[in-house]
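Undergrad: 3D, please:
(chains A and B, ligands or ions: 2)
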There are 2 protein chains.
Amino acid sequence: MHIFYSDQHRAHAGSHEFYRGELVPCFEKPERADHVLAAVQARGIGPVLPPQPFPPDPIARVHSARYLRFLETAWAEWTALGNAGDILPSVWPIRGFRSDVEPVNFMARLGLYSFDSGTPFTAGTWAAARTGADIALTAQAHIAAGHRAAFALSRPPGHHAGADFLGGYCFLNNAAIAAQAWRDQGAERVAILDVDYHHGNGTQSIFYDRADVLFQSIHGDPLTEYPFYLGHADETGSGAGLGFNQNYPLPAGATNEAWFAALATACERIAAYRPAALVVSLGVDTFADDPISKFQLRTPEFHRLGRTLAALQLPTLFIFEGGYAVAEIGDNVAEVLQAFEQTP
Amino acid sequence: MHIFYSDQHRAHAGSHEFYRGELVPCFEKPERADHVLAAVQARGIGPVLPPQPFPPDPIARVHSARYLRFLETAWAEWTALGNAGDILPSVWPIRGFRSDVEPVNFMARLGLYSFDSGTPFTAGTWAAARTGADIALTAQAHIAAGHRAAFALSRPPGHHAGADFLGGYCFLNNAAIAAQAWRDQGAERVAILDVDYHHGNGTQSIFYDRADVLFQSIHGDPLTEYPFYLGHADETGSGAGLGFNQNYPLPAGATNEAWFAALATACERIAAYRPAALVVSLGVDTFADDPISKFQLRTPEFHRLGRTLAALQLPTLFIFEGGYAVAEIGDNVAEVLQAFEQTP
Ligand SMILES: [Zn+2]
Ligand SMILES: [Zn+2]
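TA: Residues are numbered from 1 along each chain as shown, chains lettered A, B, ... in the order given. Ligands and ions are numbered 1, 2, ... in the order given. The predicted model follows:
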């Protein structure tokens, strides 16, 4: 399958995230994409191509105008205020506060659009995120043109980003943007399967009241695992979207048997939904040795994941999300893609 | 007037707050209360008495059970997890996230109950905040027993704390707890006037849908001033509380003329409301030389404030809130109280 990639991701390299009252080095770093690129090239998964530039329109179909305006100008505003380091929020609107009025103050706008202080916004963040969305859109167009699958090797990841918020190392929701592009090109139904260790809260929230995009997510139980405030099993959609969102939270340390049982159920639902295409939020922080996650997948499991997805017989867009065991993520991603390719 | 005070506030002494991507020394420090105590003693405003211990009940009338449970055990949990420094949040639930499910993870619970990372929770925070509430309740009881006024010299401040969230250096909402105590003792109506530079978002949110507690707040425009996400003029209450909340946001740099025009309107509303008592959230960060605020009050204005409040002829409970020009806040507070006392 074709791999879409750009070196532009390197422009996004945060120095620190704020966690447990301290600034600690970022887990989400450029080496992550480098390792994945090297692995898919080493295995000859397919040609690596640069993205096409897209206009802002397909991104604006998913993200709010005021949020995009903020992202576009954030670094310039920040430096104009005399700052030089990475941007992290320090105040935000929880329940009872207003989000309808956009403040003038920069830090207030940053907090309005953020749900953690672990997602540094740097000089190159917007360029990297924007290119990442182009990668997802280019890969989507490649499949829409008749190919079975493609891999959007974008960075930073996207599945934690909502219509108007960043967090969890994510700024633009690449999976949602690609799914929406399919819809806007005439596909009646699109399915998104999120196999990252962390719940795809951004993707869920974007499509929560819609029946035209099915969302399935297998992840660590939010009671104990990030992003904590979304991803429970009783979140099944609202309004027209009721029944079109399913979460499969599993306890930290869950067995691979439990994980594949959830995957089987998710795949059954996807098959029954009869989508025109499948978008896979491919995080490999489900890996047993991932430093911030607690599932137990290893090579045989990533292989089985690829075969299981292939069996759905759907046009399939893989989008890179999390995975922090830097040296190993390349092999884990490549194993999924290769198994998919080898399954007729 | 009697001043209620306890040295217990010293137990709350955060080292740093997280702001603009950096850990910076705390503005809210024990010296603040020390300077106020020294000034009111130097002027002979009245006897300084310790608080009576109150049961948790009057606090639980304002704050949610799960929030109080968290505050009570937070430091023990934090240290049991192997941490030693002050606690600051790093992930939180903005719009679209759930707040109904309390996570198990400590940092997730902290974020559930926090709206900024500028409010360090320390080893002595709960003891100080709990004693601060006792101070407010003791002062309230003193007035309810027949005295004209009292000053609750508590620290940390309270007006940014909501029913279930901390922030803005605040943990328990002393003003709200005192107002609720009056209600629970049979007073039909209580008014709260917040003259701190910053909007009393916590107090507003606690009483927003109620007609039995009138809330008036004069403060820096939230478009540019903390707490940013609440405090606009169009927030006038909801449901039964519609019309019983008024905000008087003024631009940073507003003239004293504008400030006293807002005060006059607020006092008119209070008088028309005919409350059994008045609680004054007395922040003096309206001072012209305050390091984090932008109004222009000086000694003559603090004097005028005291006289204006006295003219309402209401049983009046003053509660200490903000004010960060440390050396001067004592004189500014004492000026208000002395002018009040000297006005028959
Ligand atoms: Zn993840
Ligand atoms: Zn203040």
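Undergrad: Do I have it right that A:T255 meets A:K294?
TA: No - look at A:T255 against A:K294 with Cβ atoms under 8 Å: they stay out of range, at 11.6 Å. C-beta: built from backbone N, CA, C; applies to glycine.
Undergrad: out of those two, which sits in the busier spot?
TA: Per other Cβ atoms under 10 Å in any protein chain shown, whichever of A:T255 and A:K294 has more neighbours is A:K294, with 18 against 12.
Undergrad: any idea how far the more buried one is from ligand 1?
TA: 11 Å (Cβ to the ion, to the nearest Å).
Undergrad: since we're on the closest residue to that residue other than its chain neighbours, how many residues are nearby?
TA: Nearest non-adjacent residue to A:K294, counting by Cβ to Cβ, 6 or more residues apart in numbering or on different chains: A:A252, 3.7 Å away. By other Cβ under 10 Å, 13 other residues sit near A:A252.
Undergrad: Same check on A:G146?
TA: Neighbours around A:G146, by other Cβ under 10 Å: 7.
Undergrad: what's the strand ranked longest in chain A packed up against?
TA: Counting residues, the longest strand in chain A under DSSP state E turns out to be strand A:213-220. If contacts are counted by 3 or more Cβ pairs under 8 Å, 6 or more residues apart in numbering or on different chains; DSSP states H and E, strand A:213-220 sits against helix A:174-184, strand A:190-194, helix A:201-207, strand A:245-250, helix A:256-273.
Undergrad: in its sheet, what does that strand sit against?
TA: Its sheet considered, strand A:213-220 pairs with strand A:190-194 (parallel), strand A:245-250 (parallel) by DSSP bridges.
Undergrad: and the closest residue to A:F171 other than its chain neighbours, what is it in contact with?
TA: Distances taken as Cβ to Cβ, 6+ apart place A:A129 nearest to A:F171, at 4.1 Å, with adjacent residues excluded. Residues counted as contacts of A:A129 (Cβ atoms under 8 Å, 6 or more residues apart in numbering or on different chains) are A:H12, A:L71, A:P156, A:F171, A:L172.
Undergrad: of all those, which comes closest to B:A261?
TA: Distance to B:A261 across the contacts of A:A129 (Cβ to Cβ) is lowest for A:L71, with 39.8 Å.
Undergrad: Which residue is the nearest non-sequential neighbour of that closest one?
TA: A:W126 (5.4 Å).
Undergrad: picking up where we left off before, the residue nearest to A:F171 belongs to a helix, doesn't it?
TA: Yes - under DSSP: H, G, I helix; E, B strand; the rest coil, A:A129 falls within a helix.
Undergrad: Next, give phi and psi for the closest residue to ligand 2 within the stretch 201-344 of chain A.
TA: Closest to ligand 2 within the stretch 201-344 of chain A is A:Y229: 28.4 Å, counting by Cβ to the ion. For A:Y229, the backbone dihedrals (degrees, to the nearest 10) come out as phi -100, psi 10.
Undergrad: likewise the one 5 residues further on?
TA: Backbone dihedrals for A:D234, given as degrees, to the nearest 10, come out at phi -80, psi 10.
Undergrad: can you check A:P53 too?
TA: Per degrees, to the nearest 10, the backbone of A:P53 is at phi -80, psi 130.
Undergrad: Any idea how many residues pack against it?
TA: 10.
Undergrad: next one: A:A127
TA: 17.
Undergrad: how close does it get to chain B?
TA: 20 Å (Cβ to the nearest Cβ, to the nearest Å).
Undergrad: May I have the residues that are in contact with that residue?
TA: A:Q8, A:A11, A:H12.
Undergrad: Look up how far chain B lies from the nearest residue to A:R61 once chain neighbours are set aside.
TA: Leaving aside its sequence neighbours, A:R61 sits nearest to A:Q180 (Cβ to Cβ, 6+ apart; 4.8 Å). Remark: distance between A:Q180 and chain B (Cβ to the nearest Cβ) = 17 Å.
Undergrad: do A:A179 as well
TA: In terms of Cβ to the nearest Cβ, A:A179 sits 18 Å off from chain B.
Undergrad: Does the nearest residue to that residue once chain neighbours are set aside have any beta-bridge partners, and if so which?
TA: Distances taken as Cβ to Cβ, 6+ apart put A:V190 closest to A:A179, at 4.5 Å, once the chain neighbours are dropped. Beta-bridge partners for A:V190, by DSSP bridges, are A:V213, A:A277.
Undergrad: Strands of chain A, start to end?
TA: Going by DSSP E, chain A shows strands at A:2-4, A:16-19, A:22-25, A:48-49, A:149-152, A:190-194, A:213-220, A:245-250, A:277-282, A:316-320.
Undergrad: Format those as a markdown table; extra columns: mean pLDDT, distance to A:H160 and mean neighbour count.
TA: As requested, the strands of chain A are exported to a markdown table (pLDDT from 0 to 100; distance: least, Cβ to Cβ, whole Å; neighbours: other Cβ atoms under 10 Å in any protein chain shown):
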| stretch | mean pLDDT | distance to A:H160 | mean neighbour count |
| --- | --- | --- | --- |
| strand A:2-4 | 98 | 21 | 22 |
| strand A:16-19 | 94 | 13 | 20 |
| strand A:22-25 | 93 | 18 | 14 |
| strand A:48-49 | 98 | 26 | 16 |
| strand A:149-152 | 98 | 16 | 28 |
| strand A:190-194 | 99 | 10 | 28 |
| strand A:213-220 | 98 | 11 | 27 |
| strand A:245-250 | 98 | 14 | 22 |
| strand A:277-282 | 98 | 10 | 29 |
| strand A:316-320 | 98 | 13 | 29 |
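Undergrad: out of the ones you listed, nearest to B:D196?
TA: Among the strands of chain A, strand A:16-19 comes nearest to B:D196, with 27.2 Å by Cβ to Cβ.
Undergrad: Show residues contacting the closest one.
TA: A:23-27, A:86, A:88, A:117-120, B:18, B:21, B:88, B:90, B:107, B:117.
Undergrad: Please put the alpha-carbon coordinates of it into CSV.
TA: C-alpha atoms of strand A:16-19 as CSV (Å, rounded to 0.1, in the frame of the first residue of the first chain):
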residue,chain,number,x,y,z
HIS,A,16,8.5,19.6,27.7
GLU,A,17,5.0,18.7,28.9
PHE,A,18,3.6,19.7,32.3
TYR,A,19,2.8,16.6,34.3
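Undergrad: Quick check: the closest residue to ligand 2 within chain A vs B:S114, distance?
TA: Closest approach of chain A to ligand 2 (Cβ to the ion) occurs at A:V91, with a separation of 13.4 Å. Using Cβ to Cβ, to the nearest Å, one gets 10 Å for the distance from A:V91 to B:S114.
Undergrad: Also A:D209?
TA: 28 Å.
Undergrad: what about those two, which has more around it?
TA: A count of neighbours by other Cβ under 10 Å puts B:S114 above the other of A:D209 and B:S114, at 23 against 14.
Undergrad: need the contact list for that one.
TA: Counting by Cβ under 8 Å, 6+ apart, the residues that B:S114 touches are A:I94, B:P89, B:W92, B:F165, B:L166, B:G167.
Undergrad: Return the distance of the first one relative to B:Q180.
TA: In other words, A:I94. For A:I94, the distance to B:Q180 - Cβ to Cβ - is 22 Å.
Undergrad: now the third one
TA: Going from B:W92 to B:Q180 by Cβ to Cβ gives 26 Å.
Undergrad: Please identify which of these two sits among more neighbours.
TA: Set B:W92 next to B:Q180 and count neighbours by other Cβ under 10 Å: B:W92 wins out with 30 against 24.
Undergrad: For that one, give me the backbone phi and psi.
TA: According to degrees, to the nearest 10, B:W92 has phi -160, psi 160.
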